[in-house]
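> pasted the sequence and its predicted model underneath.
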Amino acid sequence: MTNDLKIVEFTINDQHFGLNVAKVQEIIIFDHDLIKTGSIHEAIRGVFDHRDQMLPLIDISIWLGNSTKKDILKSKVMICEFNGEKYSFLVDNVLQIRELSWKDLENPQKIISTEKSGIIGVIRNFENIIVMLDVEKIIDDISSNSGMKEVVVEKFIQGREDKRILIAEDSPFVRKMLYNSFYNTGYKDITIFENGKTLFEELLRVKKLCESGVCSSKPKLIITDLEMPQISGDFIIKELKEDKVLSDIPILVFSSLTSSQVKNNIKNLDNEFFVSKPNIGLLIKKTDEILFNTEP
């Protein structure tokens, strides 16, 4: 297992963007009949039939704030899968697949405020800056039923407030949803990290304290995304499983990848320790099962 990252590089209005290749199923030249819909967002140009499935066509240029709608026919379209659903994205051109490391992905907060920007990272070691978009935020912005909703308390479990949980998630939008949902259901001792590197640094700090005989800060659970800047979630999982001090900490993966894609990345990961985005309610239920031995 490595910290490798493969991206599809594409352009929109001469700006270079990137998307994890694991989420891109195919790239097509658009020659379909587009059905106009009464969409809630102007970035959805319509829907079309692709391999017997109706897909929304999302114009990223419109979502980025450009008002001019470009001609669709013969344009490049990326067919992608996120959170168990398929979407299509209209782009200007698809350039290449780049093989990188997650270390190449910089925190965009050094360059731009990301709370509303929809950017999870930038790559600057090429002639052009490549911007990695926050796809969860794009989908939530344009969809009325994206499913990424804050969880309302349904059942209070005594002791949630004492369980220390560490969470790593690179999307500012998802981080906010996770924090509010866990806090509102009674989990008060939660720390959320913006990438895998900051989580890993905290775990190394905890390990050093434990080795000196002080384990009070050792978390009861780690929840991590897989695709993150600097250090990926699968790299962290591998390191923890091999560490004598930290290997007993349970890990939940919360990812927009499918379960089969996750299993391809991580060996020996049981299904019960994976929750597909955007189901925060199920993530909290799994957390309760692990920490309180509640019935599934």
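Alright, I've got the coordinates. This is a predicted model, so every value here is computed, not measured. Residues are numbered from 1 along each chain as shown.

> from residue 50, how far out is the nearest residue to residue 255 once chain neighbours are set aside?
Leaving aside its chain neighbours, residue 255 sits nearest to residue 226 (4.8 Å; criterion: Cβ to Cβ, 6 or more residues apart in numbering). (C-beta placed from N, C-alpha, C; glycine too.) The gap separating residue 226 from residue 50 is 27 Å, by Cβ to Cβ, to the nearest Å.

> can you list the weak-confidence ranges in the stretch 1-150 of the chain?
The model of the stretch 1-150 of the chain has pLDDT under 70 over residues 1-2, 39, 83, 108-117, 144-150.

> tell me where the stretch 151-296 of the chain has strands.
Secondary structure of the stretch 151-296 of the chain, counting by DSSP state E, counting those that start in this stretch: strands at 165-168, 190-193, 221-224, 251-255, 274-276.

> partners of the second one, with directions?
Same thing as strand 190-193. Using DSSP bridges, strand 190-193 pairs in its sheet with strand 165-168 (parallel).

> all helices of the chain, in order?
Using DSSP state H, the helices of the chain run over 60-63, 135-142, 172-184, 196-211, 233-241, 259-265, 280-292.

> can you tell which of the ones you listed is closest to residue 82?
With Cβ to Cβ, the closest approach to residue 82 among these belongs to helix 135-142: 5.7 Å.

> which secondary structure elements does the closest one sit against?
Applying 3 or more Cβ pairs under 8 Å, 6 or more residues apart in numbering; DSSP states H and E, one finds that helix 135-142 contacts helix 60-63, strand 76-82, helix 172-184.

> which residues sit against it?
Contacts with helix 135-142, where a contact means Cβ atoms under 8 Å, 6 or more residues apart in numbering, come from 19, 23, 39-41, 43-44, 58, 60, 63, 80, 82-83, 87, 118, 146, 148, 171-174, 256, 277-278.

> same deal with stretch 170-180?
By Cβ under 8 Å, 6+ apart, stretch 170-180 touches 114-115, 118, 120-121, 134, 136-137, 140, 148-150, 167, 169, 190, 192, 194-195, 223, 225, 227-229, 254, 277, 280, 283.

> same question for stretch 81-94.
By Cβ under 8 Å, 6+ apart, the residues outside stretch 81-94 that reach it are 8-13, 17, 23, 25, 27, 30, 45, 48, 50, 53, 55-61, 70, 72, 75-80, 135-136, 139, 146-147, 256, 258, 276-278.

> reformat the helices and strands packed on helix 135-142 as a markdown table; add distance to residue 93 and mean neighbour count.
Listed next are the helices and strands packed on helix 135-142 as a markdown table, based on distance: least, Cβ to Cβ, whole Å; neighbours: other Cβ atoms under 10 Å:
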| stretch | distance to residue 93 | mean neighbour count |
| --- | --- | --- |
| helix 60-63 | 12 | 20 |
| strand 76-82 | 6 | 20 |
| helix 172-184 | 27 | 19 |
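
> among these, which is nearest residue 219?
helix 172-184 (13.0 Å).

> can I assume residue 106 is in contact with residue 122?
Yes: between residue 106 and residue 122 a contact is recorded at 5.2 Å, counting by Cβ atoms under 8 Å.

> quickly note the distance from residue 85 to residue 78.
14 Å.

> quick one on the thing from earlier: and the residue nearest to residue 255, how many residues sit next to it?
The tally of other residues near residue 226 (other Cβ atoms under 10 Å) stands at 25.

> looking at it now. What's its pLDDT?
We have a pLDDT of 85 for residue 226.

> my read: residue 257 touches residue 226, true?
Yes: taking Cβ under 8 Å as the definition, residue 257 is a contact partner of residue 226 at 6.3 Å.
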